[in-house]
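Trainee: Structure, please.
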Amino acid sequence: MKKNIPLFLFGLSLIAGATHAQVRVEIQGVSSTQIPIAVAAFADEGVAPAQMSAVIKADLERSGVFKVIDAGTALSDTSAIDFAQWKSRGADALVVGSVVRAADGRFEVRYKLLDTIKSSQLSALSNTVTGKYARLQGHRIADDIYEKLTGTRGAFSTRIAYVNKVSNSDYRLEVADADGEGMQVAARGKEPIISPAWSPDGGKVAYVSFEQRKPVVYVQNLVTGERKVISNEKGSNSAPAWSPDGARLAVTLSKDGHSQIYGVNADGSGLRRLSNSNGIDTEPQFSADGQSIYFLSDRSGGPQIYKMSASGGNATRVTFNGSYNVSPRISSDGKTLAWISQRDGAYSLYAMDLASGQEQRLAVGATEPSFSPNGKYIMYATAGRSGLAVVSVDGRVKQRLTTNAGNIRAPSWGPFMK
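Mentor: The predicted structure follows:
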């Protein structure tokens with residue numbers, strides 16, 4: 001299938017241009033069952049700014065799900081394939097492709113995914129992109145491979161947002177590819193920036209800035225560059241979270257004396273109080289279906305996670321193990337809760353199957369978790385270190401994203417682009 005990619009889906013057109021990656025990725029661990037796959041160099045891929053096969057290999061290896069076999073040669077999507085040969089080399093699947101530079105300077109990228117066991121074709125794509133989006137096309141191919149071979153949508157072409165504290169007077173909200181490449185600065189200031197949160201359509205990021213000498217909630221449009229104040233009530237305005245339909249946000253306000261959760265329309269209108277307790281209620285997160293809000297409260301004496309209707313009302317307690325449980329996050333399918341718990345003297349990332357209540361500790365020394373849009377991985381800030389990390393929801397695959405330039409915190413993994 002051949003199609004042109006609409007650039008507005010991927011561009012952050014009015015933000016500072018992309019820079020060289022400042023983030024290094026280190027991979028530890030693999031899935032319990034790896035899929036052996038050979039990735040051949042694409043024919044003529046050297047004409048494009050990004051080497052397609054290298055991007056694809058890096059993505060598949062980073063997932064921990066694949067055992068990548070270097071094909072050692074270039075194979076076009078039109079090459080005759082000796083399936084028996086690749087099967088004998090231990091590859092269950094083979095990736096081949098080509099890159100053609102068009103007269104207008106764009107690049108046509110073609111690829112095929114082949115099943116060496118059944119000697120058949122599993123998938124094929126053909127897309128035309130500008131040089132600026134060559135790496136992105138490699139990520140999209142890796143997404144297709146991941147989905148065809150695992151049954152789960154790949155998230156390599158998604159974006160992440162995070163806060164980079166370069167110095168005590170230089171705070172930046174940065175947006176990058178999921179592998180840390182292609183970083184762009186979305187917002188910058190001399191005062192702290194915290195709590196970035198992606199809109200469901202991937203076109204905006206809500207965040208909190210202290211530039212007015214108090215926390216105020218803003219929404220930054222990543223396409224137009226427009227910025228809008230969403231909440232600047234008396235006292236503290238913090239912890240923005242989007243509803244799944246993008247029509248509303250939940251925020252934490254202290255305008256009535258102590259922190260409580262409020263709902264507000266995406267344009268800043270229609271402010272309405274949702275929680276009503278004598279304690280501190282904060283860190284709201286909508287459930288996957290938008291019908292409920294998970295949040296942090298100390299109403300029982302210590303910080304625990306609760307759940308209430310998205311329209312407000314009574315709340316039920318969700319976490320019971322440990323005396324300190326914060327930062328609730330919900331997977332896109334609504335089945336898993338991730339949060340940070342302080343136990344045995346350390347802050348650890350936990351995940352709970354909400355149906356069974358079964359808990360699993362995924363990482364020690366963790367804060368500020370964020371699910372990948374396919375629900376298979378969780379990104380978090382490493383406690384006491386200037387970096388981010390990623391762990392699979394089964395705890396087997398771990399990655400570290402580190403930088404020498406600044407202190408990166410508060411990750412938010414963006415949605416699938418529609």
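
Trainee: I figured residue 287 was touching residue 294, is that so?
Mentor: Yes - with contacts defined as CB atoms under 8 Å, residue 287 counts as touching residue 294 at a distance of 6.8 Å. Every C-beta, even on glycine, is put in place using the N, C-alpha and C of the backbone.

Trainee: Those two: who's more crowded?
Mentor: Ranked by neighbour count (other CB atoms under 10 Å), residue 287 and residue 294 place residue 294 first, with 24 against 18.

Trainee: ok, back up a step: mutual contacts of residue 287 and residue 294, please.
Mentor: Counting by CB atoms under 8 Å, 6 or more residues apart in numbering, the common neighbours of residue 287 and residue 294 are 307, 330.

Trainee: so which helix or strand takes in the nearest residue to residue 388 once chain neighbours are set aside?
Mentor: Closest residue in space to residue 388, ignoring its immediate chain neighbours: residue 401 at 4.4 Å, by CB to CB, 6 or more residues apart in numbering. Per DSSP states H and E, residue 401 falls inside strand 398-403.

Trainee: count of neighbours near the residue nearest to residue 388?
Mentor: Residues near residue 401, counting by other CB under 10 Å: 24.

Trainee: Quick check: it vs residue 194, distance?
Mentor: Using CB to CB, to the nearest Å, residue 401 is found at 19 Å from residue 194.

Trainee: Then residue 411?
Mentor: According to CB to CB, residue 411 and residue 194 sit 12 Å apart.

Trainee: With residue 172 instead?
Mentor: If you measure residue 172 against residue 194 using CB to CB, the figure is 12 Å.

Trainee: sec struct for residue 160, please.
Mentor: Using DSSP: H, G, I helix; E, B strand; the rest coil, the structure places residue 160 in strand.

Trainee: and it, what is it in contact with?
Mentor: 175, 176, 177, 178, 180, 370, 379, 411, 412, 413, 414.

Trainee: Okay, and the beta partners of it?
Mentor: residue 176, residue 413 (DSSP bridges).

Trainee: Which neighbours do residue 172 and residue 194 have in common?
Mentor: residue 163.

Trainee: so where do the strands sit in the stretch 301-418 of the chain?
Mentor: Assigned by DSSP state E, counting those that start in this stretch, the strands in the stretch 301-418 of the chain fall at 304-309, 315-317, 325-330, 336-343, 346-353, 359-364, 366-371, 377-382, 387-392, 398-403, 407-413.

Trainee: Could I get those strands in TSV, plus columns for distance to residue 67?
Mentor: Formatted as TSV, the strands of the stretch 301-418 of the chain follow (distance: least, CB to CB, whole Å):
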stretch	distance to residue 67
strand 304-309	38
strand 315-317	43
strand 325-330	30
strand 336-343	26
strand 346-353	25
strand 359-364	23
strand 366-371	25
strand 377-382	18
strand 387-392	16
strand 398-403	17
strand 407-413	25
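
Trainee: In contact with residue 245, which residues?
Mentor: Taking CB under 8 Å, 6+ apart as the test, what residue 245 contacts is 200, 290.

Trainee: cool, residue 55 as well?
Mentor: Applying CB under 8 Å, 6+ apart to residue 55 gives the contacts 135, 138, 139, 142.

Trainee: can you tell me which of the strands of the stretch 301-418 of the chain the model trusts least?
Mentor: Mean pLDDT is lowest for strand 398-403 among the strands of the stretch 301-418 of the chain, at a mean of 79.

Trainee: thinking again about what came up before, go ahead and confirm the residue nearest to residue 388 touches residue 382.
Mentor: No - counting by CB under 8 Å, residue 401 sits too far from residue 382 to count as a contact (9.1 Å).

Trainee: what do these two both touch?
Mentor: 388, 389.

Trainee: For this protein, give me the ranges with low pLDDT.
Mentor: 1-32, 385-386, 402-405 (pLDDT under 70).

Trainee: Which stretches in it count as helices?
Mentor: Assigned by DSSP state H, the helices in the chain fall at 52-63, 83-88, 134-150.

Trainee: Can you lay out those as CSV showing distance to residue 323?
Mentor: What follows is the helices of the chain, written out as CSV (distance: least, CB to CB, whole Å):
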stretch, distance to residue 323
helix 52-63, 35
helix 83-88, 55
helix 134-150, 38
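
Trainee: Quick one: closest of these to residue 109.
Mentor: Closest of those to residue 109 is helix 134-150, at 5.0 Å (criterion: CB to CB).

Trainee: What is the closest one packed up against?
Mentor: Here helix 134-150 touches strand 35-41, helix 52-63, strand 93-101, strand 107-115, strand 120-129, strand 170-177, going by 3 or more CB pairs under 8 Å, 6 or more residues apart in numbering; DSSP states H and E.

Trainee: export the ones you listed to TSV and tack on distance to residue 243?
Mentor: Supplementary listing: the helices and strands packed on helix 134-150 in TSV, determined by distance: least, CB to CB, whole Å:
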stretch	distance to residue 243
strand 35-41	36
helix 52-63	30
strand 93-101	38
strand 107-115	36
strand 120-129	32
strand 170-177	21
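
Trainee: which one of these lies closest to residue 364?
Mentor: helix 52-63 (21.4 Å).
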